[in-house]
Structure formats: C-alpha cells, structure tokens
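Colleague: Next come a sequence and a model predicted from it.
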Amino acid sequence: MNKYKYYLEMKKIVFQITLIFYFVLTSTLVGQTNYKKVNIGGDNWMRENLNVSRFRNGDIIPEVKTDKEWATAFENGQPAWCYFENDSINGQIHGKLYNWFAVNDVRGLAPLGWHIPTNQDWDRLIDSLGGYSEAVNLYFNNNQTLNTEFNASPNGTRTKKFGKEERFIFWWSSNEASKKHGWVEVIDFKKRKTLFALADKSFGIPVRCIEDFKDYNVESWDLSKLKVVNEKEYIDSMDGSSYHVNIIGNQVWLCDNINRSRFNNGDIIHEAKSSKEWDEAIRLEQPAWCYYDNDSLNDVRTGKLYNWYAVVDPRGLAPTGYHIPSSDEWDELSEYLSDYPDGVLLKSETGWDSYKRAIYCRKCLYLSDQQKTTCQFCGGDGKLGSRVFNGNGINFLGFNVVPSGKRVYMQVEFIGLHPIVRRDGTSNEQVTYFWSSTPYGKENSVAVKISNQSNSLGSYSVNRYDGFSVRCIKD
C-alpha cells in the first residue's frame, strides 16, 4: 500500500548532497540517489539493494577485490565493499556486498533520510506480512516468480571466497550479536520461511535500507484539497443504533465501529463470553462477537469485536445499504490521503498513548533519557527525535478511530486497548484492526491496522480466528 509521496523531499536530499560534494561526487562513485521504494506495514523500504561507494559524509569506502585484501580489512576492523565475483554487472543487479564495519561505520553507509534496518525494523516488516512463513511471499510469489514489489533475488555472499546463493537471500541488520557476529535477515525460499541468523563480521552481504521516521508539522499541511462532507446520521433499523456518515473523496463511510448483535435477517450473532466459547465458535466456523475483556463497559467507546465468520456471513453484518469494505476499498481511502500520514488524519484526538515527548535511540528505538545524549540501553545516539503524532491524531476526516484492541485466538486473550509501560520505558502497542472482506490464502484474510506507534494506515494478512472491529462503506 503506497502511503506517501516524497518526490519533493527526495529532490531536497539530492540538492543537499550535491551542494556538499558537487565537485567530487558522480553517479558512478556514489550510486543512485533517487531510490525506488515500496510501503509495507507503514514503512518505506528501498526496492533495491544498496549500491553506494561513499559514506554519507563523502569519505570513500574502499573497494576490495582480492581474498587477502578482504581478510586484511576484517582483521583491521576496516570497512570494505565488493561486487559479487568482482563483476560490476552484478552490482547493477544486486548492489554491492559490504562487510560489518561498513554497515556500522559512524560516517553513515545509508543515504540521507535512510538507515540500515534494525532487528525491530525487520520484525515489523515480517509481522505486517503475517509472520515468518507468510513473509516469504514478499520475495517470491507462490509460483516462484519474482515478486517485483520488493525486488529480491538470490544475491550471493562473500566469506573467504565468493559463494553463489541459489536458495538463500541475505541482508544485514544493524544489530550486533557478539564481538564476532552481526545479525542478518535470511530468506530460505526452498523451505519457504524467513529467519534471523548470525553472520561473521567479515562476510560480504547486501544491504536493504528503510526510510527514517519523519516528524510532521500539521500546521504546514494544506488540507483544503481533501473533500470531506458530513452527512445526516444513519439510523440502523435493526437496533436503532446511530452512526455518523461522512463522504471522504468518492466514498461514503459509517464513521463509527459496527455494534450489531443481529444479522440483517434478524438472526442473533452469538456472543462469546469466554475463551472457550470463542474457540468453540472458531472450531465450528460459526460467527461470533465479544466485548473487549468480555466487559460490556468497553462497548460504549470501542464497539464489538467480530470473528471472520461474522464478517462474511451471507445474512449480512453490515446495515442495509452498506457493506464490509474490501481491501481495495481500504486502499482507495489510503491513496486518497497519500499526500499525508493517513493515520494522523484518521485517529481520534484523544485516547491514544502519546509518544509526543519521547526521545528515541537511533539504533535500538528504546526510550532514552531526555537529559542525556546516549541511549541508556545500547549507548547509541539518543537524539532520534520526538514522535510527534505517534499517539493521538487530529481526526480531520471525522473518522474518529479510537483504540479498540483485538482478541487473539489461542494466545493472550485481549491486547492493544490499554497502554502498559514496560520496565525498559517502552510501552505496548495500542491498536485498532478493521476487517476487510478480502480473503488471503486458506486461513488468513486482509485487515487494516492503526496504532499509537505508527502514523499510517497499514494493510496486513491476519488470522481469521482473531476478533477485530468493523467499519462499513456505502454500496
């Protein structure tokens, strides 16, 4: 799902780099600057492996060709890069191979506005795709053809010698595992799984970058081009419930969570009051709903949580004249808002655990002491910046998304409604998931997610057995 348009921002980046290095940098020395990107789970990732030969400050990264020179660079703790098999043609296809010391050099291997992904960044990517097994389809489609969205392919590595990979894809993480090892993200498409693994710091491995988090200044946004019309409230003839109705672009939405306990034909939807009842409904593939924490007091603000079987039941969960939106219809809403962080426009002004005053470390993203310049957990730079809108939104569209949490099948029963601060200073994720009517494979379906830890509306493959909120769109 493409969330942001950074064309102007990227022009600024290119201009800044040109000003600093205009007399020395060329496209062949530095590599590309206008990077193609894909938005996955709210993060912008490069669609290509990194192919730079200078650090961000302009210093040259040594190209190493012989095995002896490569080993010497490692022994001396010096950054180095090479083309696979020392063939520049491979660089055009797969980018360069970098050792650990290039990846973690303080001068910055990633271009301005980007960083080498942490383990947390990789985890977030994998989770957004439905887990370690489902994530394989990001790289190769089910028929083993290349998935051009992320544009991955077996890329080869360098240990003491070059190793041609026909089964694995590797990328560095910026997280150190030990004095001798760093973490790498690995795709094993023969066994069709993704995993983290240890790699010797001497290895030459490709790099894929993720775009830096951006703070946003809402006062500078021109929102006048967004067409939002408040319509007369919709009264549900089934139970008398009222829903706010807004026209957003070319779509008409009910701007409250569905709160029905009957289908359109009057049949009762079973309330699952315990984990046992919820699991039994799943086993029988029967529609069911529940209150968060099985507490009816949560009904007033968050509405009900439904399983997938309630969402797609032919008797109709949506009120007359409306339906459960497809993933394409959620995408249309996101595309309409793509000039802005859509989550900020959709979230309510209160109720979300705000990160407005939190300072985040660049390396591990833990909270750091605002009075210090280094992170108290990893010692890294503690001045990433405040996440201004991670938390409450501005509800510009009247969509009024509040935290409603979710019910998790066969795990912790309910999560995501209340903020819980951990000992390390971080807090749990407050979330709202909305079902779409679009299936994904045999056991999953597509849902969209808004959280207090992201400024965007993300699309995910989810377990049909979980309990999520529902919004409706006009037929």
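Modeller: Nice, thanks for sending it over. Everything quoted here is computed from the prediction, not taken from an experiment.
Colleague: those helices in the stretch 201-350 of the chain, which residues are they?
Modeller: 275-283, 299-302, 308-311, 327-336, 342-346 (DSSP state H, counting those that start in this stretch).
Colleague: ok, and which of these has the densest surroundings?
Modeller: helix 342-346 (a mean of 25; mean count of other C-beta atoms under 10 Å). The way it works is simple: take the backbone N, C-alpha and C, and place the C-beta from them, glycine included.
Colleague: So what touches the helix or strand following it?
Modeller: Going down the chain from helix 342-346, the next helix or strand is strand 406-407, by DSSP states H and E. Applying C-beta atoms under 8 Å, 6 or more residues apart in numbering, the contact partners of strand 406-407 are 278, 290, 292, 305, 413-416, 431, 433, 466-468.
Colleague: Likewise for stretch 153-164?
Modeller: If you take C-beta under 8 Å, 6+ apart as the criterion, stretch 153-164 is touched by 49, 67, 70-71, 82, 84-85, 90, 93-95, 97, 146, 165-170, 200, 202-206.
Colleague: how does it look with 6 Å?
Modeller: The set of residues external to stretch 153-164 that reach it, using C-beta atoms under 6 Å, 6 or more residues apart in numbering, is 84-85, 94, 97, 165-166, 169-170, 203-206.
Colleague: same thing with stretch 314-330?
Modeller: For stretch 314-330, the external contacting residues (C-beta under 6 Å, 6+ apart) are 236, 263-265, 267, 310-311, 436-438, 446, 448, 472-475.
Colleague: and if we set it to 8 Å?
Modeller: By C-beta under 8 Å, 6+ apart, the surrounding residues in contact with stretch 314-330 are 234, 236-238, 243, 251, 254, 258, 260, 263-265, 267, 269, 287, 306, 310-312, 434-438, 446, 448, 457, 459, 470-475.
Colleague: So Y433: helix, strand or coil?
Modeller: Of the three states, Y433 takes strand under DSSP: H, G, I helix; E, B strand; the rest coil.
Colleague: Phi and psi next, for the nearest residue to it once chain neighbours are set aside.
Modeller: Spatial nearest neighbour of Y433, chain neighbours left out: F468 (4.0 Å); criterion: C-beta to C-beta, 6 or more residues apart in numbering. Phi and psi for F468, reported as degrees, to the nearest 10, are phi -130, psi 170.
Colleague: that older thread, selection in PyMOL covering whichever of the contacts of stretch 314-330 are buried, please.
Modeller: Buried residues within the contacts of stretch 314-330, by 16 or more other C-beta atoms under 10 Å, are selected in PyMOL with:
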select buried, resi 234+236+238+243+254+258+260+263+264+269+287+306+310+311+312+434+435+436+437+438+446+448+457+459+470+471+472+473+474
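Colleague: Just the ones in strands from the contacts of stretch 314-330, please.
Modeller: Among the contacts of stretch 314-330, the members falling in strands (DSSP state E) are 234, 243, 251, 254, 306, 434-438, 446, 448, 459, 473-474.
Colleague: Can you tell me which of those lies closest to E63?
Modeller: If you rank those by distance to E63 using C-beta to C-beta, S459 comes first, at 40.2 Å.
Colleague: thought that closest one was touching E332?
Modeller: No: contact criterion C-beta atoms under 8 Å: S459 and E332 do not qualify, at 11.9 Å.
Colleague: on that earlier part again, can you pull the contacts of the residue nearest to Y433?
Modeller: F468 neighbours (C-beta under 8 Å, 6+ apart): 305-306, 406-407, 433-435, 447, 462.
Colleague: Around the closest residue to W221 other than its chain neighbours, count how many other residues there are.
Modeller: In space, and not counting its chain neighbours, W221 is closest to Y340: 6.0 Å by C-beta to C-beta, 6+ apart. Y340 has 21 neighbours, counted by other C-beta atoms under 10 Å.
Colleague: got it, and K273?
Modeller: Neighbour number of K273 under other C-beta under 10 Å is 12.
Colleague: Against E335, how distant is D293?
Modeller: Distance of D293 to E335, given as C-beta to C-beta, to the nearest Å: 35 Å.
Colleague: How are the strands of the stretch 1-150 of the chain distributed by residue range?
Modeller: Secondary structure of the stretch 1-150 of the chain, counting by DSSP state E, counting those that start in this stretch: strands at 37-40, 43-46, 81-82, 97-98, 114-115.
Colleague: Deepest in the core, which of the ones you listed is it.
Modeller: Highest mean neighbour count among the strands of the stretch 1-150 of the chain (mean count of other C-beta under 10 Å): strand 97-98, with a mean of 28.
Colleague: I'd say D59 and R107 touch.
Modeller: Yes: counting by C-beta under 8 Å, D59 does reach R107; the two are 5.6 Å apart.
Colleague: ok so, going back, so what sits opposite the residue nearest to Y433 in the bridge?
Modeller: Beta-bridge partners recorded for F468 (DSSP bridges): Y306.
Colleague: same thing with D200?
Modeller: With DSSP bridges as the rule, D200 is bridged to H181.
Colleague: check contacts around it.
Modeller: So D200 contacts 159, 180-181 (C-beta under 8 Å, 6+ apart).
Colleague: hmm, back to that, which of the ones in strands among the contacts of stretch 314-330 sit farthest apart?
Modeller: The widest separation within these (C-beta to C-beta) is 26.0 Å, between Y234 and S459.
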